[in-house]
Structures are given as structure tokens and as C-alpha cells.
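[1] just coords:
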């Protein structure tokens, strides 16, 4: 005799009771969906729930799976290739959408994936702008050409050796915010930051090669502010990083009074950060790196504000 226990609050759709056999099959409870679906795939289940007017908590999985299928087809249409196994893993996190770092050697397809993903977002989100940072001006030109082949219009870019007429046209577009995707170097980000800030927050910022960004640590602040964080939140996050480092030193030196003081200061900063971030609209940040070994400590504010470290996520 096999047991089929019932679990409270675990139905992925309504959050109520569900039996273990339906959980094992990936189904919602029988009150949400009486009949089983062939193959029990998330899209078929979501369509059935939607048809019944009964799509609730399961909607996130349904729409995520639909987006993933749409993106796979978009990628194939634009590049002529299927996603590799590594790209499939990254794509699901990109579409979540989650901010994270991709650490992988050159040649595994991370740059192609990020360009296609940027184009995919630009095509499907008419109310947002997207920023793509490349390490060199040559790569600005190459990235712009590829992105223009993925989307019909809305791509702006800048590099110093552009023909005069095109340069004037692009500068006008950047000044007016007349673009969907802007491709620049971190150096140009420094020069045009105040103008870019007028059109923030950006829905997505891709940093293709983090080392070029870190050459000017102030650019980390600029990227986070363009993403939607306030200057106060960025400053608080950096204070939190330094206090945590001081705390580690105090622990190793067994300075009890200093440890207690720092624990209180860290707690206050974390509360301050949590309160401020709840009121801010933030985009997605994706950072690509070939080494995953950034210098300095400024990059650690990504951990405090976005929950990831460079080199600590999806390394292959």
C-alpha cells in the first residue's frame, strides 16, 4: 500500500493543500486543475489554468517558460545557431530577470548571448532603455554592427574615430535619449554620465568585461545609479563593505569592544539599505568576465545591493 500524504500550503498555484503525487509530477492541486496534462510541462499546465481563469501563483513559472521558449527561437532566428548548454543555463537566469556575473573563458558564447538578450529585451519592452558597455572602441563598433542586425532600429553608439557625419548624428541621439540600446565604453560613460542619468533608470546594463569598468572605481557608482539606486544607497553599501572588512580584522584580533560596536554599525547600515532599496526602481545588471578576479574592494558593493559577487556566480 503506497502512501500519498497531503501537504499544506504547498500548491504552486493557490498555496493551499496538495498531495505528494501531484507535487512529484509538477502539477498544482486537483482543485486548481482536476485533469493531468500530457507531459506535465509548465506551458501546457499554465495554458490550462489560464483557460479556467485560475492562473495564480503558477503564473511566474508559466510566463518564465514562455519567455525562455521565445528567447530560444529569437536566438536561433538571429544567429542561426541553437543555444549551447552553458547558454541555456545563463539564459534562464537572464530571463528571471536576475542580476549576476558570468565568468567564462573567451569563446564559449557569453558575448553573443548577451547581445541577443539585449536585442530581445529591446524588441519586447518599448518603455525601457538599455546600456551596453564594451572595453574598447573597436568593440563598440563591432557590437553596434551585430546589434543592428538583430533589431531594425533604436541602436546608438559612440567611438572617437567615427566619420564626422555619423558622429554628429550619434551625439544628437545620445543627447536626446533617442535610442533603445546605447553602446559605449566605460571611458565614454565617465564623460557623458550626467546626460545618461537624465534617462535613467535603464532596464538593463550589460558590462562586457568588468576589468575595463574597474579601472575607474567611480564608474561602479555610476552604473548602479543609472540602474536605479540612489547615491545614498551606493554610499551606504560602500560603508557596509568597509565595516564588514573592519569586523573581520576585529574578530581576528579578538577585540571584543570593537566587535560589538561594528556589529551594531553593520546592523544599522543594513537596515538603512533595506529601507531605501524598497522605494527604488532597479534594472538588471549583467557583468561578464573572463577571469573572475577583480581588483580592489569597490566591486563588493554589488553583493550588498544586488546579491552577487564577480566570480561568485555561474562560473564554468
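    Structure received. Only a predicted model underlies this, so the values are computations on that prediction, with no experimental measurement involved.

[2] where does this protein dip in pLDDT?
    1-2, 278-280, 292, 311-316 (pLDDT under 70).

[3] now the helices for it?
    Using DSSP state H, the helices of the chain run over 20-24, 42-51, 59-79, 85-95, 110-124, 137-150, 164-176, 186-197, 210-214, 218-227, 231-253, 256-277, 301-306.

[4] any idea how far residue 97 is from residue 117?
    9 Å (Cβ to Cβ, to the nearest Å). C-beta: built from backbone N, CA, C; applies to glycine.

[5] more neighbours, those two?
    residue 117 (24 against 17; other Cβ atoms under 10 Å).

[6] surely the more buried one touches residue 72?
    No: taking contacts as Cβ atoms under 8 Å, residue 117 lies outside contact range of residue 72: 11.6 Å.

[7] overlap in contacts of those two?
    Among the neighbours of residue 117, those also in contact with residue 72 (Cβ atoms under 8 Å, 6 or more residues apart in numbering) are residue 91.

[8] quick one: contacts for residue 214?
    With Cβ under 8 Å, 6+ apart, residue 214 has these contacts: 220, 294-296, 298-299.

[9] what domains does the record give for this structure?
    Listed by automatic domain parsing, the domain ranges of the chain are 6-57, 81-229+280-306.

[10] would you turn the ones you listed into a markdown table with distance to residue 251?
    Shown next, in a markdown table, are the domains of the chain (distance: least, Cβ to Cβ, whole Å):
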| stretch | distance to residue 251 |
| --- | --- |
| domain 6-57 | 39 |
| domain 81-229+280-306 | 17 |
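
[11] quick one, which of the ones you listed is nearest to residue 268?
    domain 81-229+280-306 (13.8 Å; Cβ to Cβ).

[12] which of the domains of the chain is buried the deepest?
    Burial of these is given as mean neighbour count (mean count of other Cβ atoms under 10 Å); domain 81-229+280-306 ranks first at a mean of 18.

[13] ok, residue 301 touching residue 244?
    No: contact criterion Cβ under 8 Å: residue 301 and residue 244 do not qualify, at 11.1 Å.

[14] which residues touch the most centrally placed residue in the chain?
    For the chain, the residue sitting closest to the mean C-alpha position, by Cα atoms, centre = their mean, is residue 99 at 2.9 Å. By Cβ under 8 Å, 6+ apart, the residues touching residue 99 are 284-286, 302, 306-308.

[15] then residue 174?
    156, 158, 182, 192, 195-196.

[16] wait, what's in contact with residue 21?
    residue 4.

[17] against residue 54, how distant is it?
    Residue 21 sits 20 Å away from residue 54, taking Cβ to Cβ as the criterion.

[18] swap in residue 84?
    For residue 84, the distance to residue 54 equals 37 Å [Cβ to Cβ].

[19] can you pull the contacts of the residue nearest to residue 3 when sequence neighbours are not counted?
    Closest residue to residue 3 apart from its sequence neighbours, by Cβ to Cβ, 6 or more residues apart in numbering: residue 20 at 7.9 Å. Counting by Cβ under 8 Å, 6+ apart, residue 20 touches 3-7.

[20] who's in contact with residue 255?
    Neighbouring residues of residue 255 by Cβ under 8 Å, 6+ apart: there are none.

[21] surely residue 155 meets residue 149?
    No: in this structure, residue 155 is not within contact of residue 149 by Cβ under 8 Å, at 9.8 Å.

[22] thinking again about what came up before, which one of the contacts of residue 214 is nearest to residue 165?
    Of the contacts of residue 214, the one sitting nearest to residue 165 (Cβ to Cβ) turns out to be residue 220, at 34.6 Å.

[23] ignoring the adjacent residues along the chain, who's closest to the closest one?
    Leaving aside its chain neighbours, residue 220 sits nearest to residue 298 (5.2 Å; criterion: Cβ to Cβ, 6+ apart).

[24] any idea how far residue 235 is from that neighbour?
    Distance, residue 298 to residue 235, by Cβ to Cβ: 12 Å.

[25] over to residue 49?
    Taking Cβ to Cβ, one finds residue 49 at 45 Å from residue 235.

[26] contacting residues for the closest residue in space to residue 35 that isn't next to it in sequence?
    In space, and not counting its chain neighbours, residue 35 is closest to residue 48: 7.8 Å by Cβ to Cβ, 6+ apart. Going by Cβ under 8 Å, 6+ apart, residue 48 touches 33, 35, 37.

[27] what do you get for residue 245?
    Residue 245 touches residue 297, counting by Cβ under 8 Å, 6+ apart.

[28] identify the residues contacting residue 189.
    133, 196, 219, 222-223.

[29] and with 7 Å instead?
    In this structure, residue 189 makes contact with 133, 219, 222, judged by Cβ atoms under 7 Å, 6 or more residues apart in numbering.

[30] can I get those in JSON lines including distance to residue 143?
    Formatted as JSON lines, the contacts of residue 189 follow (distance: Cβ to Cβ, whole Å):
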{"residue": "133", "distance to residue 143": "10"}
{"residue": "219", "distance to residue 143": "18"}
{"residue": "222", "distance to residue 143": "20"}
